[in-house]
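# can't give you the sequence, but here's the structure:
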């Protein structure tokens, strides 16, 4: 990554916006359970529970701030590139066995998204800055591998 604001694709933007909405809802719930500092301190278990909730609130606030900043940066960066692979690109790659896959290039892994390749993964690093037709080489746990970048943008026709 260049240090400049990086664009994100529409699907990644929607995912971040949904996460932001969910985090704000969770923050409201957690904040509603905290007592005022002037309220009776209670026993040690109550105090420990209050500290855990305050810590949770801090983590939520930091993540909300990170996502808000990322969305702001992406807005100023413009759309994901379509001529070379960058953050937010959707790419179709063909592997040596002939199988093709359409993948998204993103910054942060999403647990359930099997189509996301992060920019810090071996394949993600190999694809950044490449153009359709380029062959990329990258390392896997089983050794070196290659793939051909078929297209950038919408999935390539079969």
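Arrived safely. Bear in mind that the values here come from a model prediction, so they are computed numbers and not experimental data.

# rest of the way, CA atoms for contacts and neighbours
Will do.

# which residue is nearest the middle of this structure?
With distances taken as C-alpha atoms, centre = their mean, residue 108 lies nearest the centre of the chain, 3.1 Å away.

# need the contact list for it.
Contact partners of residue 108, counting by C-alpha atoms under 8 Å, 6 or more residues apart in numbering, are residue 118.

# roughly how far apart are it and residue 119?
As defined by C-alpha to C-alpha, to the nearest Å, residue 108 lies at a distance of 8 Å from residue 119.

# ok, residue 48 next?
39 Å.

# mind listing the helices for this structure?
Ranges of helices in the chain, per DSSP state H, are 10-33, 44-77, 122-127.

# deepest of these, which one?
Each of the helices of the chain was assessed for mean neighbour count using mean count of other C-alpha atoms under 10 Å. The highest is helix 122-127, with a mean of 20.

# hmm, who's touching it?
Outside of helix 122-127, the residues that reach it under the criterion C-alpha under 8 Å, 6+ apart are 85, 105, 117, 118, 119, 136, 137, 138, 139, 140, 149.

# for the record, mean pLDDT for stretch 128-144?
The predicted model gives stretch 128-144 an average pLDDT of 94.

# low-confidence ranges in this protein?
Within the chain, the stretches falling below the threshold (pLDDT under 70) are 1-6, 11, 36-42, 80-81, 109-113, 154-158.

# state which strand of it is the longest.
When the chain is parsed with DSSP state E, its longest strand is strand 143-152.

# that one pairs with which strands?
Here the strand partners of strand 143-152, with direction, are listed using DSSP bridges: strand 90-94 (antiparallel), strand 135-140 (antiparallel).

# and the last one, which residues are buried?
Applying a neighbour-count criterion of 16 or more other C-alpha atoms under 10 Å, the buried positions in strand 135-140 are 135, 136, 137, 138.

# which residues touch residue 119?
87, 105, 106, 107, 125, 128.

# hmm, try it at 7 Å
Counting by C-alpha atoms under 7 Å, 6 or more residues apart in numbering, residue 119 touches 105, 106, 107, 125.

# would you list the buried entries among the residues you listed?
With neighbours counted using 16+ other C-alpha under 10 Å, the contacts of residue 119 contain these buried positions: 105, 106, 107, 125.

# just the closest of these to residue 25, please.
Compare each of the buried ones among the contacts of residue 119 with residue 25 using C-alpha to C-alpha and the shortest gap goes to residue 107, at 24.1 Å.

# quick check: the closest one vs residue 138, distance?
Between residue 107 and residue 138 the distance, using C-alpha to C-alpha, works out to 18 Å.
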